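>>> Structure, please.
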Amino acid sequence: MKHKVLIVEDEHSIRSLLKVSLVHGNYAIIEAASGEEGLTKARDENPHVVILDVMLPGIDGFMVCEALRKEFHNIGIIMLTARGQDTDKICGLKFGADDYVIKPFNPTELALRVNALLRRMESGATAMGVQHIERPPFLLDTEAHKIFKEGKVLEMTPKEYLLMKLFLENPGKAFTRDELLNVIWGWSYIGDTKIVDVNIRRLRTKIEDDSSSPTYIETVWGTGYRWKI
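Below you'll find the model as predicted:
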C-alpha cells in the first residue's frame, strides 16, 4: 500500500517541487492550495503525512496543524517555514508538528525527513496523541504521564516529563535553549534562561547511568541539546 502524503501549499511552483522531491518514494500525492482545502482533503483521504506551509490563505498553517492533531491521532506533520523564522518552528512544535523544513529546501533532505517520520510512526514513536512512545530502554505513557526505564517508573517533575516527551518525539533534532524555553515554559516566562540547563542536569541524573557522561541527552555545543540516536 502506498503511503499518502498531503501537500498543503498555496504556491503551485512549490507544490510541484515537493511532488518532484517525493517522486522516488512511491507515495500517493494529494494537493491542497489553502488551509480549508487541506482540512477537507485530510478528512476525505486520511493521509499518513501532511507537508504543511505556515503561510496560507484563509486559516494559517498553525491553525490547520492544531486541527489535524486534534482529529487525527496517527498522522505525521512536517511544516514548511521561511528561513530564519525561529518563531515559526517553535509555534509549529507547540501546535503538534513533528518536524519542520526551511524554505528554500533541499529536495533530498525533504524526502529523507518524510521517510524518517514514517519509520518513527511505524515503530510506535508517532505524533502527539498516541498513548505510548517507546525508545528502549524508555517507554513514555502519554495518558498516565509516566516514563519507564526498563519497566521501572522514573519520578519526574512536570517540566522534566515535557522535556523527555519532546526529546523522545524528536530524536536527533537539536533544540536551542530558547526553543526549549518557549516550548516547555511558554512565551510568558521571564526568568533566567539557565532554567533549561538546570532541568537538563536534573533530568540526566534520573535517566542516565552516569550523568557526568550522558548517553541519551547530548549537548550540542553552541546550540543546545538533542536526543542522541
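
>>> What segments of this protein are strands?
Assigned by DSSP state E, the chain shows strands spanning 4-8, 28-32, 49-53, 76-82, 99-103, 132-135, 138-141, 146-149, 152-154, 175-176, 217-220, 224-227.

>>> Now do the first one, average pLDDT.
Per-residue pLDDT values across strand 4-8 average out to 95.

>>> The nearest residue to Ala82 once chain neighbours are set aside - how many residues pack around it?
In space, and not counting its chain neighbours, Ala82 is closest to Lys103: 5.7 Å by Cβ to Cβ, 6 or more residues apart in numbering. The C-beta positions use only the backbone N, C-alpha and C, and glycine is treated the same way. Per other Cβ atoms under 10 Å, the neighbour tally for Lys103 reads 16.

>>> what's across from the nearest residue to Val153 once chain neighbours are set aside in the sheet?
Sequence neighbours aside, Lys146 is the residue nearest to Val153 in space, at 5.6 Å (criterion: Cβ to Cβ, 6+ apart). Beta-bridge partners for Lys146, by DSSP bridges, are Asp141.

>>> do you know how far Lys146 is from Leu163?
15 Å (Cβ to Cβ, to the nearest Å).

>>> same check, this time on Arg120
19 Å.

>>> Counting neighbours, what do you get for Leu112?
13.

>>> contacting residues around it?
If you count contacts by Cβ atoms under 8 Å, 6 or more residues apart in numbering, Leu112 has none.

>>> Which pLDDT value goes with Leu166?
The predicted local confidence for Leu166 is 90.

>>> Show the contacting residues for the residue nearest to it when sequence neighbours are not counted.
Excluding the flanking residues, the one nearest Leu166 by Cβ to Cβ, 6+ apart is Val183, at 6.4 Å. Contacts for Val183 (Cβ under 8 Å, 6+ apart) come out as 90, 93-94, 162, 166, 175.

>>> Looking at those residues, which are in helices?
Judged by DSSP state H, those include 90, 93-94, 162, 166 as members of helices.
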